[in-house]
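# sequence and predicted structure below; questions after.
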Amino acid sequence: MLKAVIFDFDGVIADSEPLHFSAFKETLSRYDVELTQKRYYNEYLGYTDNECAKAISADFDLGLDKAGIDRLVQAKTALFDNLVRAESTIIDGVCEFVDRIKGRGIRLAVCSGALLGDIELMLAGTDLTDTFEIIVAADHVQRGKPDPEGLLLVLQRLNETGPGDILPKDCVVIEDSRWGLEAASAARMHTIAVANTYPYEELKPLAEKTVERLDKLTLTDLQSICSN
């Protein structure tokens, strides 16, 4: 029975992946690292900022210690925040889909590899402010996707703040990448892919349902997936 919908944020709710790439690219130029968009999307997109910085440090032989990683992430975050303030990032069709399922006894949450401050900044002043009961961000977990830690923490917090009867099989997770879909499968939750970041045909084998954009989904679609 459908009881909760858990959204990824970057690439599902907000068109923020290009902004993350731009912020990382500019930050890394200070380290004489040329990060291409293709490499970022193929190798680093599913990581938290901290995991991304660690991987890049290793891959490009930067030799950064924990303090160095922290400085890189702080510089990237400052650039990202400036980019977010300069433009709206909510993806077309998201608000329409949320309106379609809100108020029907379905609990809404976010599980993201982004930092909580970045998520709150992008939601501020939009129609989605205060929409999500629970937001689990990179700040709250030790392991990012494809590890299911974040999704299981969302489930735990939903049950702590409600009747406490939600099982993994009662949750639909909406993701835009294989990392997120793998995390949802590992958490034994249902999966929907939205082809905002990666091609439809690439995501289709990884999810129970794949759509081009969120407003193509109906409440019946969600209920049908949870009945399987």
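Looks like it came in fine. Numbering: from 1, shown residues only.

# other SSEs contacting the least confident helix or strand in the chain by mean pLDDT?
Ranking every helix and strand in the chain by mean pLDDT, DSSP states H and E puts helix 116-123 at the bottom, with a mean of 91. Applying 3 or more CB pairs under 8 Å, 6 or more residues apart in numbering; DSSP states H and E, we find helix 116-123 packed against helix 66-86, strand 134-136. Where you see a C-beta, it was placed from the backbone N, CA and C, and this is true even at glycine.

# just say which of the ones you listed is most tucked in.
strand 134-136 (a mean of 21; mean count of other CB atoms under 10 Å).

# how close does residue 194 get to residue 76?
25 Å (CB to CB, to the nearest Å).

# coming back round to it: what lies in contact with the least confident helix or strand of the chain?
9, 13-14, 16, 77, 80-81, 84-85, 89-90, 110, 112, 129, 131, 135, 137-140 (CB atoms under 8 Å, 6 or more residues apart in numbering).

# if we go to 7 Å?
Contact with helix 116-123 is made by 9, 14, 16, 80-81, 84, 89, 110, 112, 129, 135, 137, 139, as judged by CB atoms under 7 Å, 6 or more residues apart in numbering.

# with stretch 142-151 instead?
6, 46-48, 51, 111, 113, 136, 138, 141, 173, 179-180, 182-184, 186-187, 189.

# mind listing which of these are in helices?
51, 179, 180, 182, 183, 184, 186 (DSSP state H).

# tell me the pLDDT of the third one.
In this case it means residue 180. For residue 180, the pLDDT comes out at 96.

# swap in the first one?
Among the per-residue scores, residue 51 holds a pLDDT of 93.

# which residues sit in contact with it?
Residues counted as contacts of residue 51 (CB under 7 Å, 6+ apart) are residue 144.
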